[in-house]
Structure formats: C-alpha cells, structure tokens
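Engineer: This is the structure alone, sequence omitted:
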C-alpha cells in the first residue's frame with residue numbers, strides 16, 4: 001500500500017478469513033474535495049462496529065491534538 005497522499009493508485013490485499021470489518025476511503029471521482037467510502041462488516045453487528053469506529057475516532061483526535069502541540 002502506498003502512503004503518498006498524491007498517489008493515484010493503491011492496492012491493498014486483505015486476508016478476509018478473519019476480517020471483521022473493512023473500510024476503504026477513496027477520493028470521490030466527481031468531487032476532488034470529497035471522498036467515497038465503501039464498507040463491509042462480517043461477524044459483528046453494525047452497532048458494535050460503530051462503537052469501535054467512534055473509539056478509533058477519539059484516539060485519532062487525541063493523537064492529532066498531540067501532533068499539533070508538537071508541530072507535526
């Protein structure tokens with residue numbers, strides 16, 4: 001997978017046997033400032049995944065605040 005923000009193509013291979021959820025975020029083809037989100041949930045409820053994603057978002061917000069403080 002590429003980490004370049006300006007890359008046009010990225011390929012990700014996932015072993016789906018034990019994958020509980022997958023979220024793929026791409027640039028929206030019709031809107032350069034937008035995104036297109038594709039999701040899949042297998043083995044967990046959507047409510048459980050929403051809880052996990054909210055927890056992840058909180059962690060990312062805390063990390064972003066720390067990065068801002070440290071000038072990253």
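Structural biologist: Structure received. All values derive from a computational prediction rather than experimental measurement. Numbers count the residues shown, from 1 in each chain.

Engineer: Quick one: residues contacting residue 43.
Structural biologist: Neighbouring residues of residue 43 by C-beta atoms under 8 Å, 6 or more residues apart in numbering: residue 20. Every C-beta, even on glycine, is put in place using the N, C-alpha and C of the backbone.

Engineer: quick one: it and residue 32, what's the gap?
Structural biologist: Note on residue 43: its distance to residue 32, by C-beta to C-beta, to the nearest Å, is 36 Å.

Engineer: Show me what the top strand by length along the chain packs onto, helices and strands only.
Structural biologist: When the chain is parsed with DSSP state E, its longest strand is strand 31-41. If you count contacts as 3 or more C-beta pairs under 8 Å, 6 or more residues apart in numbering; DSSP states H and E, strand 31-41 packs onto strand 21-28.

Engineer: now the angle between strand 31-41 and the strand it packs on, please.
Structural biologist: 170 degrees (axes from the mean of the first three to the mean of the last three C-alpha atoms, to 10 degrees).

Engineer: So for residue 57, what's the pLDDT?
Structural biologist: pLDDT for residue 57: 94.

Engineer: Can you point out the helix or strand that includes it?
Structural biologist: Assigned by DSSP states H and E, residue 57 belongs to helix 46-69.

Engineer: Identify each buried residue in that helix, please.
Structural biologist: Along helix 46-69, these residues count as buried under the neighbour rule (16 or more other C-beta atoms under 10 Å): residue 49.
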